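Undergrad: the amino acid sequence is not available; the structure is as follows:
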């Protein structure tokens, strides 16, 4: 969709900048903003020879540490030599004079993006294969040794959940505009019930179906995108976040709850987790309800921030204003999971 006036880019200036810094780049340049997403504005850059993608920080006042496009550029670049499917990166620019805010440029990966986890319009066999490919991509990411790809300092090892709970609690408090009792209870309960196990892997932080580009005709992940929340952390944070679709109804947040998974050809949550465990060599998973409660709480906190930016006029997605209505139902669902959790 066309870019909004508040985030227009000087195409001529950008064209000249890229021509001086990307080998083989030749203008003239056209620019089109991608539809979807609530985070960093993302554009398709068209040239006669090939297309690129530009991803940048949104303008305006931002929460601390949010919209870290420099970190996205770093992790995608580091993973290029691994088996993790990522786009090729070309450059990072911190100079706000070029495009208004810092940005990076990566390759344009042509393919399919699925926003509905029910995968309407596909055959059951292809649906199952798409979930298998997504599962394999997540397992491949968690098998990467951070030190081997230069990411040993990409985050602090240890105490991941405690730090994340503190971070999202603080960010939620910074933008909250109404009282949601379930969020208040979770902010107290979560730090007191963090499981004792510690692991460190590269985590995506927003690993879900619509953050992947699939081959145009094959059920195969070509690229994982949107690495804004990536860091060093606990791999089960990614896995449990990826599994939230099985706990959300389609009406609440693009979910699978209440659907006939067998008829759809989509694996159950238990089968999906078993496939991940087989690929990573992991044993039984304890404290699953805690991990779900944490991730639903975190999503609610993120959506409160999206809603705050929308009310301030700084959101980049067309649905941003509707996100505020989802926060309380998500918080209640997270609290239901918290009540199921085993004592730690």
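TA: Structure's in. What do you need? It should be emphasised that the depicted structure is a prediction, and the values quoted were computed from it without experimental measurement.
Undergrad: residue 101 is in what secondary structure piece?
TA: Using DSSP states H and E, residue 101 sits in no helix or strand.
Undergrad: and the one 3 residues further on, by the same measure?
TA: In this assignment (DSSP H and E), residue 104 forms part of strand 103-107.
Undergrad: buried sites along that strand?
TA: 103, 104, 105, 106 (16 or more other Cβ atoms under 10 Å). For the C-beta atoms, the positions are set from N, CA and C on the backbone; glycine is no exception.
Undergrad: so what are the sheet partners of that strand and their directions?
TA: For strand 103-107, the paired strands and their directions (DSSP bridges) are strand 51-56 (antiparallel), strand 89-93 (antiparallel).
Undergrad: so which of those strands gets nearest residue 136?
TA: Shortest distance between residue 136 and these, using Cβ to Cβ, is found for strand 89-93: 22.4 Å.
Undergrad: so who does residue 114 touch?
TA: For residue 114, the residues meeting the contact criterion (Cβ atoms under 8 Å, 6 or more residues apart in numbering) are 130, 209, 210, 212, 214.
Undergrad: nope, residue 10 is what I was after
TA: Residue 10 makes contact with residue 99 under the criterion Cβ under 8 Å, 6+ apart.
Undergrad: give me the pLDDT value at it.
TA: Confidence per residue is given as pLDDT, and for residue 10 that number is 92.
Undergrad: ok, it to residue 16 distance?
TA: If you measure residue 10 against residue 16 using Cβ to Cβ, to the nearest Å, the figure is 10 Å.
Undergrad: continuing past the strand holding residue 104, what's the next helix or strand?
TA: Past strand 103-107, heading to the C-terminal end, the next element that is a helix or strand (DSSP H and E) is helix 124-143.
Undergrad: which one, of the strands paired with strand 103-107, ends up nearest to residue 180?
TA: With Cβ to Cβ, the closest approach to residue 180 among the strands paired with strand 103-107 belongs to strand 51-56: 31.4 Å.
Undergrad: buried residues, that closest one. List them.
TA: 52, 53, 54, 55, 56.
Undergrad: would you reformat the residues you listed as JSON lines and include distance to residue 258 and pLDDT?
TA: Rendered in JSON lines, the data for the buried residues of strand 51-56 read as follows (distance: Cβ to Cβ, whole Å; pLDDT from 0 to 100):
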{"residue": "52", "distance to residue 258": "41", "pLDDT": "98"}
{"residue": "53", "distance to residue 258": "36", "pLDDT": "97"}
{"residue": "54", "distance to residue 258": "39", "pLDDT": "96"}
{"residue": "55", "distance to residue 258": "35", "pLDDT": "95"}
{"residue": "56", "distance to residue 258": "38", "pLDDT": "93"}
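Undergrad: want to try TSV for those residues, with distance to residue 22 as columns?
TA: Putting the buried residues of strand 51-56 into TSV (distance: Cβ to Cβ, whole Å) gives the following:
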residue	distance to residue 22
52	8
53	12
54	11
55	15
56	16
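Undergrad: closest to residue 162 among those residues?
TA: Checking these against residue 162 with Cβ to Cβ, the nearest one is residue 55 at 30.0 Å.
Undergrad: could you report the neighbour count for the residue nearest to the closest one when sequence neighbours are not counted?
TA: Taking Cβ to Cβ, 6 or more residues apart in numbering as the measure, residue 55 lies nearest to residue 42, with 4.7 Å between them; neighbours along the chain are not counted. Other residues within reach of residue 42 by the criterion other Cβ atoms under 10 Å amount to 20.
Undergrad: need the contact list for residue 42.
TA: Listed by Cβ under 8 Å, 6+ apart, the contact set of residue 42 reads 33, 34, 53, 54, 55, 56.
Undergrad: now the contacts of residue 114 in JSON lines, with distance to residue 223 and secondary structure?
TA: Compiled in JSON lines, these are given as follows (distance: Cβ to Cβ, whole Å; DSSP: H, G, I helix; E, B strand; the rest coil):
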{"residue": "130", "distance to residue 223": "14", "secondary structure": "helix"}
{"residue": "209", "distance to residue 223": "13", "secondary structure": "helix"}
{"residue": "210", "distance to residue 223": "13", "secondary structure": "helix"}
{"residue": "212", "distance to residue 223": "7", "secondary structure": "strand"}
{"residue": "214", "distance to residue 223": "9", "secondary structure": "strand"}
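Undergrad: can you pull the buried residues of whatever helix or strand residue 32 lives in?
TA: For residue 32, the enclosing helix or strand under DSSP H and E is strand 30-33. Burial within strand 30-33, assessed by neighbour count using 16+ other Cβ under 10 Å, is assigned to 31, 33.
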